[in-house]
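Asker: can you look at this prediction? I've put the sequence above it.
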Amino acid sequence: MNQKTIWLIVVAIVITAILVGSGTYFWQQSETKKLVQETKKEFQHQITLLQKQIKELKKTRTKPEENSYLGWLIYKNEIYGYEFRYPKGAHVREAKKEEFRLSPEEANAGITIEDVYNKYTGKICISIIYDLGYIYISAPSNKGNKYVLCGRTGRAYEGPSKTEEITIEGRKWIAKGFEEQGPGETLNYHNETLAITLNDGTRIEYGSRPVKTATFTDYLKMKGEIIKIIESFKRI
């Protein structure tokens, strides 16, 4: 075999090696690109599924505070712009027209009970009676019980002053009042009354009812439900 033939064979081998190497490289590049595209597509698919799951979860998820009020009803006072929740066993009542009153000045000016009732409506004073406790919500226009008696007017027995913290719409308020301590432990002798006044003048009073067949200790056991009603108060 002459030298020329040998060089041709070498050149052919080199060219073949180059072609094979190039083909392998481009095939690997193609496969890699294909794998990246498939991985990207699968990743996007998983993201889409996750987004759908999150969306469904948001639809069904209930806030913790809403869980604690499951089964409760909602009272809306559109006239004075608030609402609150209450258990089914509670009795919610609006002031009646015969409970309204006028000042002598208003009467002398020709204003009638009908006029006042039509203007302020029974929603000026809302009472909630539940088990051994009560709540009164008096509108700003009824400041000082101007038109409707909306809460306790006095006390029969002495007792210590007291305060406690109430949270309404995320803000902490200090309720102030007293504990009445008479000659016995039933609620007609031993009871409490507290109240808070919100920034707009809305007054919320609460406490124990004068039940002769229950004690102050009995009331304290269920007082948490009274507080829950008050703390569900919010503006609408």
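Answerer: That came in fine, so what should we check first? Residues are numbered from 1 along each chain as shown.

Asker: hey, let's count contacts and neighbours off CA atoms from now on
Answerer: Noted.

Asker: residue 89: neighbour count?
Answerer: Residue 89 is flanked by 11 other residues according to other CA atoms under 10 Å.

Asker: and the residue nearest to it when sequence neighbours are not counted, its phi and psi?
Answerer: Leaving aside its chain neighbours, residue 89 sits nearest to residue 130 (6.6 Å; criterion: CA to CA, 6 or more residues apart in numbering). Main-chain dihedrals, residue 130, degrees, to the nearest 10: phi -140, psi 120.

Asker: now do the one 3 residues further on
Answerer: In this entry, residue 133 is assigned phi and psi values of phi -120, psi 170 (degrees, to the nearest 10).

Asker: per-residue pLDDT of the residue nearest to residue 89, please?
Answerer: On the pLDDT scale, residue 130 is placed at 98.

Asker: wasn't residue 128 part of a strand?
Answerer: Yes. Counting by DSSP: H, G, I helix; E, B strand; the rest coil, residue 128 falls inside a strand.

Asker: quick check: it vs residue 159, distance?
Answerer: To residue 159, residue 128 is 25 Å away according to CA to CA, to the nearest Å.

Asker: distance between stretch 173-185 and the chain's centre?
Answerer: Relative to its parent chain, stretch 173-185 has a centroid offset of 28 Å by CA atoms, centre = their mean, to the nearest Å.

Asker: in a strand, residue 173, correct?
Answerer: Yes. Counting by three-state DSSP, residue 173 is part of a strand.

Asker: tell me what residue 192 is bridged to.
Answerer: residue 179 (DSSP bridges).

Asker: thought it was touching residue 208?
Answerer: Yes. Using CA atoms under 8 Å, residue 192 is in contact with residue 208, at 5.8 Å.

Asker: now the helices for the chain?
Answerer: 3-60, 64-67, 104-108, 113-120, 216-231 (DSSP state H).

Asker: ok so, going back, neighbour count: residue 128 and residue 159, which is higher?
Answerer: A direct count of neighbours by other CA under 10 Å for residue 128 and residue 159 places residue 128 higher, at 18 against 15.

Asker: domain ranges for the chain?
Answerer: 1-61, 64-235 (automatic domain parsing).

Asker: per-residue pLDDT of residue 39, please?
Answerer: Residue 39 is assigned 68 on the pLDDT scale.

Asker: offset the numbering so it begins at 430, please.
Answerer: With 430 as the first residue, the last one maps to residue 468.

Asker: I'd like to know which helix or strand in this structure has the lowest mean pLDDT.
Answerer: Using mean pLDDT, DSSP states H and E, the weakest-scoring helix or strand in the chain turns out to be helix 493-496, at a mean of 63.

Asker: next, the buried residues of stretch 547-559.
Answerer: For stretch 547-559, the neighbour count (16 or more other CA atoms under 10 Å) marks 549, 550, 551, 552, 553, 554, 555, 556, 557, 558, 559 as buried.

Asker: repeat for stretch 594-602
Answerer: In terms of neighbour count (16+ other CA under 10 Å), stretch 594-602 has its buried residues at 595, 597.

Asker: for that stretch, the distance to its chain's centre please.
Answerer: Distance of stretch 594-602 from its chain centroid, counting by CA atoms, centre = their mean, is 12 Å.

Asker: what sits up against that stretch?
Answerer: Here stretch 594-602 makes contact (CA atoms under 8 Å, 6 or more residues apart in numbering) with 603, 604, 625, 656, 659, 660, 661, 662, 663.

Asker: now do the second one, the pLDDT please.
Answerer: Spelled out, it's residue 604. Looking at residue 604, the pLDDT reads 98.
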